[in-house]
Every structure is written in C-alpha cells, then in structure tokens.
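Visitor: Build me a model:
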Amino acid sequence: MSTSLLMVAASLVALAGLALVGAGLRFARTSPIDELLAEFDAGPEHLDEYQGRLEQGFSQRLLLPLGSSVLASIQGLLPRHHLGSIRRRLVLAGLSGRMGAEEYVAGQVVGLVVGSLVGLGAGVMMEWTAVRVGGALVVGAVAGALAPALYVKHHRQERVEAIEKELPDVLDVLAISVEAGVGLEGAMQAVTERFSSPLSEELGHTLSEMELGLSRREALHNLRTRTDIGDLNGFILALLQADALGMPMARVLQTQAEEMRRRRRGKVREAAAKLPVKLVFPLVLFILPALFVVILGPAVISIGQNLIGGGL
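Guide: Model prediction:
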C-alpha cells in the first residue's frame, strides 16, 4: 500500500509541475520575442516598462498569469459576483495595490495543491491507513485553499485596529490645523506629512482624488467605501453634514475627537472587564495542575511510602 501511495504522490507532484510549466509557457506565448524587440525599438518609454515588468515580484510574474488561466477555465463555475467580492475584501484589507483577484484565486489553487501534497506526504511517511491518508489529504487541501482568505482577514483586522487607534490623534491634528486657519484639505495634508499609517495613506488618497477633480463629498464617500470602519464612518458622516449645513468645521472636529477618545476609553474598559473571564481557561488548564503537583505531590509520595511500609 505504501508503494502505491508513493506513486500517487509522485504523480500529483508531476501534475503540479506540469501545470506550472504550462502556465509559464502560456504567459510566454502572450509576449513573443518580436513584441519584446518592438518594445526595445520603440524608445526608452517601452524599455522602462519592460524593466518594470522584470522587477515585479513573484506573485505578479507567476501567480497573475496562472490566476488568469485558472479563471478562464473555471469562469462558468464561479458565482457571478465572486471576483467583485474578492476585490472588495482586498480593498478593505489594504491589499488591492499588492494583490489582484486573479492572484488571490491562483493562491487558492496553489495552496490547495501544496496542502494536498503535504497531507499526502505526511500520511505516507507516518504509514497511515488509506482512510487516514485520505483524511489528511482533504484537511491539507482545505487548509491550503483557505490560506489566502486567512491572510486577507489578518491584514483587514490589523488595518482596522491601526485606524481605530490613530483616529483620535488624527482628529486632534485636524482640529488644531483648522482652528489655526487652515482649510480641511490643508489639515489633511498636514496629517499625511505628520503620520505614516493606513489612515494617513487613505487621507492622502482622498486628497489626490480631490486634486483630480472630485468634489469633497465624493472623495469622502470613496474614503468611507475603502475603509468601512464604524468610527471612521461616523466621522465622515459628521464632516458631510457639517459641509452641507455650513457648520463650523473646527467645532465639529473637536467634538468628534472628544467622542472618539470617549469611545476608545470605553473599549479599553470593556476589554479589561473581559480579561478575568479569559484568564479562567489558562488558569484551569495550566496553572492549577502545576500548583496541585507542587503542593500535593510530596504528601502523596509520603502517604504512598507509609502505606507500602505498613503493608510490608
């Protein structure tokens, strides 16, 4: 049975290698030598574009064409809005500039193949039965396919925490700048120069959209769409209402800063209130058994010795 499982594992490895080679050859066919020579003869602009393509990372050079070929083959099997939801999650996680929907799908396919091979190899090395090897293969495949989703979810959580943590300080800088006579756009520019964080990057993106011709309302609405965080959404709605009603912007910003600090203190108190409940599990599982061994261990040993001695 072990020989047959090894043959199956070798076949899967060979198929994975052939798939990667096929994807590379397909991508190579889309950029023939004649086109590359034409780009060289066209001028320095095309040369810079080719150099930039060579400087791309592994995911953009391999996973992107692989994902495109995979999408072309399974396009009819995917839900209608599946790619749109993937792009939405990447935008919310701040990964849209580093990863596309095609690369995400390619990462799922590669993770599925690698996870299957790892599960199969572990089962063969441990000399499990065929049923256990099949279970390990399925578990490895599912884990590998879910790896990109977990990666995106982790980045989304870190991004939300970073924005919520820095939002009160950013509001303070905005309020101080507006009170000093600077407009809202100038205050946002001061934030982008002072801070280096996801929130400052998003504000810089908003300023760029305003410079390209979008109105303040449209740019702020796009900011809300790209982040979708409760505290930041409330701040954006307050800005839009103040802009529409002609309210003093400095007063609105100061009020929002105080409200954000109040909310953050409430979240800290809530986390502190949950801490004793979370400590119960490590206390019962790790600390109390060790204490029992240290305290009751000598007594149990002495009682056992006395009973053995009395019996003799």
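Visitor: can you list the domains in this protein?
Guide: 2-29+61-127, 161-265 (automatic domain parsing).
Visitor: Just checking the distance from the longest one to the centre of its chain.
Guide: Right, domain 161-265. 24 Å (Cα atoms, centre = their mean, to the nearest Å).
Visitor: please begin residue numbering at 418 from this point
Guide: Noted, 418 is the first residue going forward, which turns the last one into domain 578-682.
Visitor: Any idea which of the domains of the chain gets closest to Phe698?
Guide: domain 578-682 (23.1 Å; Cβ to Cβ). For every residue, glycine as well, the C-beta is placed using N, CA and C.
Visitor: still on that earlier bit, between the domains of the chain, which gets the lowest average pLDDT?
Guide: Lowest mean pLDDT within the domains of the chain: domain 419-446+478-544, a mean of 70.
Visitor: Adding distance to Ala707, write the domains of the chain out as a markdown table.
Guide: Putting the domains of the chain into a markdown table (distance: least, Cβ to Cβ, whole Å) gives the following:
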| stretch | distance to Ala707 |
| --- | --- |
| domain 419-446+478-544 | 32 |
| domain 578-682 | 33 |
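Visitor: can those domains go into CSV with extra columns for distance to Gly721 and mean neighbour count?
Guide: Shown next, in CSV, are those (distance: least, Cβ to Cβ, whole Å; neighbours: other Cβ atoms under 10 Å):
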stretch, distance to Gly721, mean neighbour count
domain 419-446+478-544, 38, 16
domain 578-682, 53, 16
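Visitor: These: which one's closest to Leu563?
Guide: domain 419-446+478-544 (7.7 Å).
Visitor: so where do the helices sit in this protein?
Guide: Here the chain has its helices, by DSSP state H, at 419-446, 450-459, 461-471, 475, 481-491, 499-509, 518-542, 547-596, 601-611, 615-628, 633-644, 647-662, 666-699, 705-728.
Visitor: the inter-axis angle of the last one versus helix 666-699?
Guide: It stands for helix 705-728. Helix 705-728 and helix 666-699 are oriented at 10 degrees to each other (axes from the mean of the first three to the mean of the last three Cα atoms, to 10 degrees).
Visitor: Could I have the CA atoms of helix 705-728 written out in CSV?
Guide: Listed in CSV are the C-alpha atoms of helix 705-728, where the atom choice follows Å, rounded to 0.1, in the frame of the first residue of the first chain:
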residue,chain,number,x,y,z
LEU,A,705,-3.8,24.9,38.8
PRO,A,706,-2.4,21.5,37.7
ALA,A,707,1.1,22.7,38.3
LEU,A,708,0.2,24.0,41.7
PHE,A,709,-1.5,20.7,42.6
VAL,A,710,1.6,18.8,41.7
VAL,A,711,3.9,21.1,43.7
ILE,A,712,1.6,21.2,46.8
LEU,A,713,0.1,17.7,46.9
GLY,A,714,2.9,15.8,45.2
PRO,A,715,5.1,15.4,48.4
ALA,A,716,2.1,14.5,50.5
VAL,A,717,1.0,11.8,48.0
ILE,A,718,4.5,10.4,47.9
SER,A,719,4.9,10.2,51.7
ILE,A,720,1.4,8.7,52.1
GLY,A,721,2.3,6.0,49.5
GLN,A,722,5.6,5.2,51.1
ASN,A,723,3.9,4.9,54.5
LEU,A,724,1.2,2.6,53.1
ILE,A,725,3.9,0.5,51.3
GLY,A,726,6.0,0.3,54.5
GLY,A,727,3.0,-0.6,56.7
GLY,A,728,1.9,-3.3,54.3
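Visitor: any idea of the mean pLDDT in that helix?
Guide: pLDDT averaged over helix 705-728 gives 81.
Visitor: Off-centre distance for that helix?
Guide: 52 Å.
Visitor: Give the buried residues for stretch 679-692.
Guide: Buried residues in stretch 679-692, defined by neighbour count with 16 or more other Cβ atoms under 10 Å: Arg680.
Visitor: which other residues reach it?
Guide: Glu581, Lys582, Pro585, Asp648 (Cβ atoms under 8 Å, 6 or more residues apart in numbering).
Visitor: looking at the domains of the chain, which is closest to Val569?
Guide: So among the domains of the chain, domain 419-446+478-544 is nearest, using Cβ to Cβ, at 4.9 Å.
Visitor: Would you check that Arg633 makes contact with Asn639?
Guide: No. Taking contacts as Cβ atoms under 8 Å, Arg633 lies outside contact range of Asn639: 10.9 Å.
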